[in-house]
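> Next comes the sequence, and after it the predicted model I'd like to discuss.
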Amino acid sequence: MARPPRPERKYELLDQILDHLLDSTLADLTFRSLADALGISSYVLVYHFGNREQLVTEIIRGIMRRLEPLTTLRPASDSPEDVVALARRAFELGLDHRGRHLQRLEFEASVQDVVADDPRRPSAESLEHWCGLLAKWLRGRGLPPRAARSMARTYVGAVMGLLYEFVLSGDRHAALDSFDVLADGFVAHLDRAAHRIAS
């Protein structure tokens, strides 16, 4: 008699797959190579993930899930300093060996999406999500919608650039120092914008 399927097995496999990919790329990924590396049958992968495209989509979703704890974080107050402090804590969460390589895989998938016939888009959607959240907060501080969108895109894009630099260099301290410089500029820009609104 066959064992009943365990839905949690898919997530266990996904964790193992992400661990394996810390030293590999999505471009080199095949069911055979992955099954061999994990010591399982490729049929197990087919059963849980269907085909390679579905597997890669699940891998990207698994990578993105590392950000889920950030959705429950809230700043101590609505002040720019508390919002920046929260953003810094969130930024720090990915600045370790695992975070560096998961970010690398996310960037790899994003670059592949640019030329894909049917892009998966989770990274683009995540970028839009963070831009939208920050723009909403900026509008709440009195910035006009267009200015809030521009400032949010600039800041979120700059943070993504710092993550990319961290992927390349692996220098956690430099990434945090650069984040602090960026955050100081963000607060100063916000102060100037508030002055203009008040005048």
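Sure thing, it's come through.
> buried stuff in the longest helix along the chain?
Identified as the longest helix of the chain according to DSSP state H is helix 172-198. For helix 172-198, the buried set under the neighbour-count rule, 16 or more other C-beta atoms under 10 Å, comprises 172, 175, 176, 178, 179, 182, 183, 186, 190, 193. In this view, the C-beta of every residue, glycine as well, is placed from N, C-alpha and C.
> do the same with stretch 47-61
48, 49, 55, 56, 57, 58, 59, 60.
> likewise stretch 150-169?
Quick answer for stretch 150-169 (16+ other C-beta under 10 Å): 151-156, 158-160, 162-163, 166-167.
> got it, and stretch 128-144?
Applying 16+ other C-beta under 10 Å to stretch 128-144 flags 130, 131, 134, 135, 137, 138, 143 as buried.
> Please apply the same query to stretch 63-75.
Applying a neighbour-count criterion of 16+ other C-beta under 10 Å, one finds 63, 64, 66, 67, 75 buried in stretch 63-75.
> ok, the fourth one to residue 60 distance?
What that stands for is residue 67. With the distance defined as C-beta to C-beta, to the nearest Å, residue 67 ends up 12 Å from residue 60.
> same thing with the third one?
With distances taken as C-beta to C-beta, residue 66 is found 11 Å from residue 60.
> Repeat that for residue 137.
Counting by C-beta to C-beta, the gap from residue 137 to residue 60 is 27 Å.
> how many neighbours does residue 145 have?
For residue 145, the tally of surrounding residues (other C-beta atoms under 10 Å) stands at 11.
> didn't it look like it was pressed against residue 138?
No - judged on C-beta atoms under 8 Å, residue 145 makes no contact with residue 138 at a distance of 9.1 Å.
> Any regions of the protein where pLDDT drops low?
Along the chain, the model assigns pLDDT under 70 to residues 1-5.
> Let me see the contact set for the residue nearest the centre of it.
Centroid-nearest residue in the chain: residue 64, 5.5 Å away (criterion: C-alpha atoms, centre = their mean). Neighbouring residues of residue 64 by C-beta atoms under 8 Å, 6 or more residues apart in numbering: 106, 122, 123, 126.
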